[in-house]
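Asks: Task: produce atomic coordinates for the following.
(one chain, ligands or ions: 1)
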Amino acid sequence: MKQILTYPNPILKQQSFPVTNFGLETQAVIDKMLDIVGKSDYSVGLAAPQIGKLQRIIAVSEIEGERTRLLPLINPEIVFFSKETHEDYEGCLSIPFKVGLVERSTKIRIRALDRNGNKIKLKAAGLLAREIQHEVDHLNGLLFFDRTSADKIYNYTIKDGKWVIQKQALTAEGVTL
Ligand SMILES: [Zn+2]
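Replies: Next comes the predicted model:
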């Protein structure tokens, strides 16, 4: 995917700026992000810096059974992290063919704005909580590398839509964010 910046592009290490204008330009960035996440077979989330925009915008997927709802969040702030954490494999569109075992809070609470600038509050658990923590990290110039240790980062290939993690010769149902 050509439009996605990949590590070590220096933009990925920068802080993004809060969105203050909800006009056409911002709407176009949101639409582009939703389009990328919606069309991707293996990515469930995206942050604006990954397409070269240093704006605090993320797009995540809420998966309920067969249905997937795409959710753009503007200026998201995680205001609560559960003490309970869970370690799982995490990938990133900007770091092709690597996954990391990353510990994340299992539950979070978020304040954000919707695409029209209205305030929203949201609770998330499980995969959605992991997605949002990963994407908010992008807005602060952090990649999953920065959340785990080198011995928990592995190379993988994709076979039949699943990751084959080479070092451990195992197959995982992971997520790319
Ligand atoms: Zn990512």
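Asks: and G100, how far is that from A112?
Replies: Using CB to CB, to the nearest Å, G100 is found at 25 Å from A112. (Glycine included, C-beta is placed from N, CA and C.)
Asks: same check, this time on I165
Replies: Counting by CB to CB - I165 and A112 are separated by 33 Å.
Asks: out of the two, which sits in the more crowded spot?
Replies: A112 (22 against 19; other CB atoms under 10 Å).
Asks: sec struct for that one, please.
Replies: Following DSSP: H, G, I helix; E, B strand; the rest coil, we place A112 in the strand state.
Asks: That one bridge partners, please.
Replies: Here A112 sits in beta bridges with I120, as judged by DSSP bridges.
Asks: Quick one: residues contacting it.
Replies: Residues counted as contacts of A112 (CB atoms under 8 Å, 6 or more residues apart in numbering) are L73, I74, N75, P76, E77, K119, I120, L122.
Asks: Of these, keep whichever come out buried.
Replies: Among those, those classed as buried by 16 or more other CB atoms under 10 Å are L73, I74, N75, P76, L122.
Asks: which element is the third one on?
Replies: Here N75, judged by DSSP states H and E, is contained in strand 67-81.
Asks: In its sheet, which strands sit next to that strand, and in what direction?
Replies: Going by DSSP bridges, the partners of strand 67-81 are strand 57-64 (antiparallel), strand 107-113 (antiparallel).
Asks: Mind checking those for the one nearest to the ion?
Replies: With CB to the ion as the criterion, the ion lies closest to strand 57-64 of the strands paired with strand 67-81, at 9.7 Å.
Asks: which residues sit against the closest one?
Replies: With contacts defined as CB under 8 Å, 6+ apart, strand 57-64 is touched by 16, 19, 26, 29-30, 33-34, 36-37, 44-48, 68-74, 76, 127-128, 131-132, 135-136, 138-139.
Asks: quick one: least confident helix or strand in this structure?
Replies: The least trusted helix or strand in the chain, going by mean pLDDT, DSSP states H and E, turns out to be strand 170-172, with a mean of 59.
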